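>>> this is a predicted model, with the sequence first.
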Amino acid sequence: MPLDAICLAAVREELSGQISGLKIDKVQQPEREVIVLSLRGRNESHRLLISVGAHDMRVHLTKHGFENPASPPMFCMLMRKHLVGGRIISITQPPAERVLEFLIEAPDALGVTSVKRLVVELIAKSTNLVLVDSEGIVTDCLRRVGGDFSEKRSVMPGLMYRSPPAQDGKVDPFAATEEIWRERYEMQCGEKTAEKWLISTFSALSPLICREIAWRAYGDCDARPESVGDGGEALKREFFNLMEKSKGGVFEPWGIINEDGSPRDFSYTQIMQYESALEMRRAESFSQMLESHYTKTAQLNRLRQRFSATQKTVKSARERILRKLAAQQSDLEKTAQRDIMRECGDLITANLYQMEKGESILVAQDYFAPEGGVREIALDPLKSPQQNAAKYYKDYNKAKTAEKYLTEQIRVGQVEAEYLESVLEAISMAEGERDMEEIRRELASSGYVREKKVKGGKVKSPPAAEPMRFISSTGMQILAGKNNVQNDQLTLKSALKSDVWLHTQKIHGSHVIISCGGAEPDERTLFEAAAIAAYYSAARQSGKVPVDYTQVRNVKKASGGRPGMVIYVGNKTVMAVPDEKLVESLRV
């Protein structure tokens, strides 16, 4: 993992200078494996995020807002009881271990102050968050481990806390000397690649760093020192250079960015092994680096997992409608041939005098063709000539009627498919359970899912989620809905008629309102509101996006339309760029 013990040391050093001495004001547990501590003091405030998830373990300051569950978990309640009002004294880290210990001076229920430890264990497959009292006894932990019959290290309330065991046989890179290096190298290197030998020999080094050391030494991540023939001298040089910098506290937060702009990796030193294939981006701080790499992506992944059932239901309904639309479109295309049926009926009628029952084909002069000629008309030999003509006339009238009804059904189906597309877009923008609950209620009212029922009455709905709020560079308030229900509420009920309404042109997305109270919004605010509308739309990954804007008084509910569907007039259009950094900087 990229957050190895040395990278964690860089995070510890940065946090020590920022939060030591601050008091814990609040404790949140927005997710099962995430704790957020609100800190205050020295005329500043911070939020410290601690995640012990198997795939996103980390500790850093965060500016991201988290939604609390309807009722706090028991572990959160216990943390509040023991830590709120406490002051962070220091942050320590055992040598070469992915463990941080926060020493917190906090009063107990009787007002007696003692020093407690909040231990964050970021060790793969055994991550944990443990609260330890002044006597070294475990007060509680996020994951209770072991028991009387367990061979594992037991971490349970009431037991003495024991640190995680060190990795067997591996060398602490900070304690490595040239003698230790030479001994291990001669004993173990053999035909191994430099990367694999470093991983198997030293603790605290991630595979990324081991590959980087190999690349700096030989210009090849898969190089074998024995093949190079230098006895590992170049590898040793680069290893000790990196260790000297780390011992001296020379750390730099670098993010590695994929070609599509998504975060790939990060490190405490500049990574050069990718050369020009990937972008290296230096962050302002380790917290900012970890925030951009993990927080948003991790939150979206967790939401996708929790909301996958609802998303699957909507996708299934949309696919069903699209299949039905395809069949209806095919039937509609067939009705375009109805005039040929009428012509066949006319030709049969004109030739009744020379026809007899039992014929299967009529070959007649085609007076409908511009250039004349003959036409072969299929007949039912069991029907009389008059009955065959009547059948063609009946099919003609049936196709004529079908065209009318199919056209209307296709229109209705297309509206429904567009509505479901807007719901899928709203699910992708959902930021918490409240947002999803609104979407579920909307789907229930539309008949796509069943209402939840419990014994003895209705399910208690959580408070309605608020629309997203932004402040423009010139101080004007901008609001944006996160789903169809919020869009309707925002545009048709909350906004003033003189406010400005924005929406991406012919693209599903949020309704955006500039709360200007009748005043003309300045050009900068209009540009930023358009960027928000473009970002919170299905065109988020596009370059420039057309955004329509008009006063709210010009926006009306579409007759019989689903939630979020409106019509508008008197609009102008501006081209906007869905700039994530701009949008995040404006959000409050």
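That came through fine.

>>> in a helix, Thr349, correct?
Yes. When classified by DSSP: H, G, I helix; E, B strand; the rest coil, Thr349 is found to be part of a helix.

>>> find the nearest non-adjacent residue to it, please.
Nearest non-adjacent residue to Thr349, counting by CB to CB, 6 or more residues apart in numbering: Ala389, 5.0 Å away. Where C-beta positions appear, they are placed from N, C-alpha and C, glycine not excepted.

>>> my guess is that neighbour contacts Ala350. True?
No. Ala389 is beyond contact range of Ala350, at 9.5 Å (criterion: CB atoms under 8 Å).

>>> so which of the two has more stuff around it?
Ala389 (23 against 13; other CB atoms under 10 Å).

>>> SS state for the more buried one?
helix.

>>> need the contact list for it.
345, 348-349, 352 (CB atoms under 8 Å, 6 or more residues apart in numbering).

>>> go on, Leu379?
By CB under 8 Å, 6+ apart, the neighbours of Leu379 are 348, 359-362, 385, 388.

>>> which among those residues end up buried?
348, 362, 385, 388 (16 or more other CB atoms under 10 Å).

>>> phi, psi for the third one please.
Torsion angles at Pro385 (phi, psi; degrees, to the nearest 10) stand at phi -50, psi -40.

>>> my guess is Gly345 contacts Gln387, does it?
No. Here Gly345 lies out of contact with Gln387, judged by CB under 8 Å, at a distance of 11.2 Å.

>>> and the two? Which one has more around it.
A side-by-side neighbour count of Gly345 and Gln387, using other CB under 10 Å, places Gly345 first with 20 against 13.

>>> the more buried one: which element?
Following DSSP states H and E, one finds Gly345 within helix 338-350.

>>> what lies in contact with that helix?
Applying CB under 8 Å, 6+ apart, the set of residues contacting helix 338-350 is 355, 362, 364, 366-368, 375, 377, 379, 385, 388-390, 392-393, 395-396, 399-400, 403.

>>> how far does it sit from the chain's center?
60 Å (CA atoms, centre = their mean, to the nearest Å).

>>> heading toward the C-terminus, what's the first helix or strand past it?
Past helix 338-350, the next helix or strand by DSSP H and E is strand 361-365.

>>> that older thread, buried ones from the contacts of helix 338-350, can you make that a ChimeraX selection?
The ChimeraX selection below is limited to those of these classed as buried (16+ other CB under 10 Å):
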select :355,362,364,366,375,377,379,385,388,389,392,393,395,396,399,403
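
>>> among the contacts of Ala389, which pair sits farthest apart?
Within those, Gly345 and Leu352 form the most distant pair, 11.2 Å apart (CB to CB).

>>> what ranges do the strands span in the stretch 51-200 of the chain?
Secondary structure of the stretch 51-200 of the chain (DSSP state E, counting those that start in this stretch): strands at 58-61, 87-92, 99-107, 113-121, 128-132, 138-141.

>>> average pLDDT across the first one?
Going back to what we said before, that points to strand 58-61. Here strand 58-61 scores 94 as its mean pLDDT.

>>> among the strands of the stretch 51-200 of the chain, which comes closest to Leu332?
strand 58-61 (55.7 Å).

>>> Glu259 against Leu278, yeah?
Yes. At 7.3 Å, Glu259 counts as touching Leu278 under the criterion of CB under 8 Å.

>>> which one's more surrounded, the two?
Leu278 (15 against 9).

>>> and of the strands of the stretch 51-200 of the chain, who's closest to Thr525?
strand 58-61 (29.8 Å).

>>> one step back: TSV please, covering the contacts of Leu379 and showing pLDDT and distance to Glu408.
Compiled in TSV, the contacts of Leu379 are given as follows (pLDDT from 0 to 100; distance: CB to CB, whole Å):
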residue	pLDDT	distance to Glu408
Ile348	90	32
Glu359	90	39
Ser360	91	38
Ile361	91	37
Leu362	91	36
Pro385	91	36
Asn388	92	32
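
>>> could I get the residues you listed as CSV with distance to Gln489?
Converted to CSV, these look like this (distance: CB to CB, whole Å):
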residue, distance to Gln489
Ile348, 62
Glu359, 69
Ser360, 66
Ile361, 66
Leu362, 66
Pro385, 66
Asn388, 61
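
>>> any chance you could map the strands in the stretch 201-350 of the chain?
Going by DSSP E, counting those that start in this stretch, the stretch 201-350 of the chain shows strands at 254-257, 263-267, 279-282.

>>> residues of the second one that come out buried?
So that's strand 263-267. For strand 263-267, by 16+ other CB under 10 Å, it's 263, 265-267.

>>> between the residues you listed, which is nearest Gly158?
For these, the nearest to Gly158 is Phe266 (38.4 Å; CB to CB).

>>> residues contacting that closest one?
Going by CB under 8 Å, 6+ apart, the list of residues near Phe266 reads 2, 7, 253-256, 283, 289-290, 293.

>>> could you flag which of those residues are buried?
2, 7, 253-256, 283, 289-290, 293.

>>> any idea which of these is the one closest to Asp140?
Comparing every one of the buried ones among the contacts of Phe266 with Asp140 (CB to CB), the shortest separation belongs to Leu290, at 26.0 Å.

>>> hmm, that closest one is touching Arg58, no?
Yes. Leu290 lies in contact with Arg58 (CB under 8 Å); the separation is 5.2 Å.
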